[in-house]
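1. Below are the sequence and a predicted model; questions follow.
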Amino acid sequence: MERVRYEGQRMEREGKRVDVVVLAAGKGRRMQSHLPKVLQPLGGRPLLAHVLEQARGLDPERLVVVVGYGAEQVREEFPEERVGRKVWWVVQEPLLGTGHAVQMAWPILAASPAAVVVVLYGDVPLVRERTLAQLVAASAEGSRLAVVTSTLTDPRGYGRVVRNEVGEVRAIVEERDADEQVRAINEVNTGLMAIPKERLGGWLGRLQRENAQGEFYLTDLVGFAVADGVPVATVAAAPEEAMGVNDKRDLARLERLVQRSQAEALLAAGVTLADPERIEVRGRLVCGRDVRIDVGCIFEGEVVLEDGVEIGAYSVLRDCTIGTGSRVEPFSHLNGARVGRGAVIGPFARVRPTTVLGDGVQVGNFVEVKNSTVGEGSKANHLSYLGDATVGARVNVGAGTITCNFDGAEKHRTVIEDEAFVGSDCQLVAPVRVGRGATIGAGTTLTRDAPPEALTVSRVPQRTVVGWKRPQKRERE
């Protein structure tokens, strides 16, 4: 569902001109996957897609993405038309830590007029746009270093935020470099920062690799700020906003959070969910009023359900629009289809891409429709296949009917005009046309056009052989 946006015009009016750097170079070895970590799917989109959406909400002067492992694969996944703005891509090689990644981006950032550089992470996808807006505000137009922190019951794996006796931030200490006293701290660093642009270049030049991992830590900038008398501000985030993805267990936990959030948004919009724990939205689902969704349904890509639509249990819809008052019965699969008003689909129906079903159409159990147009009020209720077909209005397609659209090399089209009646167990060998109001007798194999308002039938004459006996099995010796 749609989320609140902090539009670029508002940010510019407030004087908060920012650059954004997204750190997305890691391989993610613990994922046990050839796919770069930032391309792992969450809610039907790559992790990096969620983060780039956050970045766009800040309307940055420059959006820099630092990539490393699978750099070309990541770039190909996010062309500018998909991102919605220009992206500066920087390759980090070798991978020497977060500070090194920002060092690689610095030549691009240095030429920007922005006063603040916001650092995001390609594997921290659940940060709210409101939190990022607060982060930018906390930077006070580059006069402060601002950090997003969170308080966790179990802070293992995170850098700890060290404060003095009056609550001022003095340092961020990575867990591997922390003693027992520091590890007992529950306030952790999420990694998200808003850094004064005029200070950043000098601070990056002061980074050292004298730590347990032998890397350039971006978190060392907090210590530099304290030493230079630059105030350090913090913005508190909910624990789920701090959650990064390191392995498939983390990914699964975040998936459940995303799905629950999607379900809550649907409920708030008035959609009836049989069980909010058993729905998967892997893309964008837009619902009208009085929509009802049964258990186990999956929605992928862009799906629109208009007023009064009912989706039966365990149905899968991908890139579909379902018209007002239509009903999708259980266990149906629809992909790339547009369905009119008052239609009934399924159960156990499959509707494939570039299919358009008109108002009042019925596509019943074990019926498959592909690359076809079916006119208003037409019916194919049982065990049929309509492929590469143009079906008019008020047509009846009998059980077991098949449009034979493929000759082994090319696809051919079948046209069935308005008010035709096709009997059961017919084969329509394309290219072929059934005229308006024609009747095709059951069991017909149609190889030539059928004229309108006439009966066309092809059958082998029936005969009975009296005295015929079935073959019998011979007894084995």
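-> Yes, it's here.
2. Quick check on Ile108: phi, psi?
-> Here is the backbone geometry of Ile108 (degrees, to the nearest 10): phi -70, psi -40.
3. How far away from the center of its chain is the one helix or strand Thr234 maps to?
-> Applying DSSP states H and E as the criterion places Thr234 in strand 232-236. Distance of strand 232-236 from the chain centroid (Cα atoms, centre = their mean, to the nearest Å) equals 32 Å.
4. any residues touching it, and which ones?
-> With Cβ atoms under 8 Å, 6 or more residues apart in numbering as the test, strand 232-236 has contacts from 131, 134-135, 138-140, 144-151, 161, 168-169, 222, 225-226. Every residue, glycine included, has its C-beta placed from N, CA and C.
5. Could you tell me which of the residues you listed are located in helices?
-> Counting by DSSP state H, the contacts of strand 232-236 place Thr131, Gln134, Leu135, Ala138, Val222, Ala225, Val226 in helices.
6. ok, then the element right after the strand holding Thr234?
-> Counting by DSSP H and E, the next helix or strand C-terminal to strand 232-236 is helix 239-242.
7. What residues sit buried inside the following helix or strand past that next one?
-> Using DSSP H and E, the next helix or strand after helix 239-242 towards the C-terminus is helix 248-268. Within helix 248-268, the residues that count as buried by 16 or more other Cβ atoms under 10 Å are Asp250, Leu251, Leu254, Glu255, Val258, Gln259, Ser261, Gln262, Ala263, Ala265, Leu266.
8. re the thing from before, buried subset of the contacts of strand 232-236?
-> Buried members of the contacts of strand 232-236, scored by 16+ other Cβ under 10 Å, are 131, 134-135, 138-140, 144-150, 161, 169, 222, 225-226.
9. Figure out the length between the terminal residues of stretch 413-432.
-> 7 Å (Cα to Cα, to the nearest Å).
10. And it, how far out from the chain middle?
-> Centre-to-centre, stretch 413-432 and its host chain are 38 Å apart (Cα atoms, centre = their mean).
11. as a whole number, average confidence for that stretch?
-> Stretch 413-432 shows a mean pLDDT of 98.
12. now swap in stretch 333-347 and tell me
-> According to the model, stretch 333-347 has a mean pLDDT of 98.
13. Please apply the same query to stretch 59-77.
-> Averaging pLDDT along stretch 59-77 yields 95.
14. how close does Arg183 get to Arg176?
-> Using Cβ to Cβ, to the nearest Å, Arg183 is found at 10 Å from Arg176.
15. Same question for Asp123.
-> For Asp123, the distance to Arg176 - Cβ to Cβ - is 18 Å.
16. which residues sit in contact with the residue lying closest to Gly323 once chain neighbours are set aside?
-> Once flanking residues are discounted, Gly323 sits nearest to Arg341: 4.1 Å by Cβ to Cβ, 6 or more residues apart in numbering. The contact partners of Arg341, by Cβ under 8 Å, 6+ apart, come to Glu306, Gly323, Thr324, Gly325, Ser326, Asp359, Gly360.
17. show me where pLDDT drops low in the protein?
-> Counting by pLDDT under 70, the chain has low-confidence residues at 1-16, 477.
18. for the stretch 101-250 of the chain, what spans make up the strands?
-> 116-121, 145-151, 160-163, 169-173, 187-196, 232-236 (DSSP state E, counting those that start in this stretch).
19. now these in TSV, with distance to Val127?
-> Output for the strands of the stretch 101-250 of the chain, formatted as TSV (distance: least, Cβ to Cβ, whole Å):
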stretch	distance to Val127
strand 116-121	7
strand 145-151	7
strand 160-163	17
strand 169-173	17
strand 187-196	6
strand 232-236	10
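20. residues near Ser458, how many?
-> 14 (other Cβ atoms under 10 Å).
21. If we ignore the residues flanking it in sequence, what's nearest it?
-> Ser458 sits nearest to Thr444 (Cβ to Cβ, 6+ apart), 4.8 Å away.
22. so the one you found sits right up against Cys426, yeah?
-> Yes. Using Cβ atoms under 8 Å, Thr444 makes contact with Cys426 at a distance of 4.8 Å.
23. Please identify which of these two sits among more neighbours.
-> Between Thr444 and Cys426, Cys426 has the larger neighbour count (other Cβ under 10 Å), namely 25 against 22.
24. which ones are touching that one?
-> By Cβ under 8 Å, 6+ apart, the contact set of Cys426 is Gly398, Gly400, Thr401, Ile402, Ile440, Gly441, Ala442, Gly443, Thr444, Thr445, Leu446.
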